[in-house]
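Chemist: A structural model of the following input is requested.
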Amino acid sequence: MQDFDIPDMSCGHCVRTITQAVQALDPTAEVKADLATRRLRVASTTDATSLSAAITAAGYANTTRG
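Modeler: Sure thing, here's the model as predicted:
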């Protein structure tokens, strides 16, 4: 499980956009978003660096939680 802080994630549209970006890399990825804390959890075989880059390319700054 990989965790990300996404400060600009504030609504369902944001969640859908980010989910689509992650699943474009790994269609089987499980994405769980918590809008209250603006955190994202991703279960994927794709590395965190690639996932972070995809989230950034979708328009969302993010920080990998380690």
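
Chemist: For this structure, which segments are assigned as strands?
Modeler: Along the chain, counting by DSSP state E, strands occupy 2-5, 30-34, 39-43, 63-65.

Chemist: Please produce CSV containing these, extended by distance to residue 55.
Modeler: Any C-beta I mention is one placed from the backbone N, CA and C, and that applies to glycine too. Output for the strands of the chain, formatted as CSV (distance: least, CB to CB, whole Å):
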stretch, distance to residue 55
strand 2-5, 7
strand 30-34, 10
strand 39-43, 8
strand 63-65, 10
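
Chemist: Could you dump the ones you listed into CSV and include distance to residue 22 and mean neighbour count?
Modeler: Shown next, in CSV, are the strands of the chain (distance: least, CB to CB, whole Å; neighbours: other CB atoms under 10 Å):
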stretch, distance to residue 22, mean neighbour count
strand 2-5, 10, 17
strand 30-34, 5, 15
strand 39-43, 6, 18
strand 63-65, 13, 12
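
Chemist: okay, those strands in TSV with mean pLDDT and distance to residue 50 next?
Modeler: Output for those, formatted as TSV (pLDDT from 0 to 100; distance: least, CB to CB, whole Å):
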stretch	mean pLDDT	distance to residue 50
strand 2-5	97	10
strand 30-34	98	14
strand 39-43	98	11
strand 63-65	88	11
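
Chemist: quick one: which of these is nearest residue 49?
Modeler: Evaluated over the strands of the chain, closeness to residue 49 peaks at strand 63-65, with 7.9 Å, by CB to CB.

Chemist: Okay, now the sheet partners of that closest one, with direction.
Modeler: Strand pairing for strand 63-65, using DSSP bridges, gives strand 2-5 (antiparallel).

Chemist: So which of the strands of the chain is nearest residue 13?
Modeler: strand 30-34 (11.5 Å).

Chemist: Can you tell me which helices and strands that closest one packs against?
Modeler: helix 12-25, strand 39-43 (3 or more CB pairs under 8 Å, 6 or more residues apart in numbering; DSSP states H and E).
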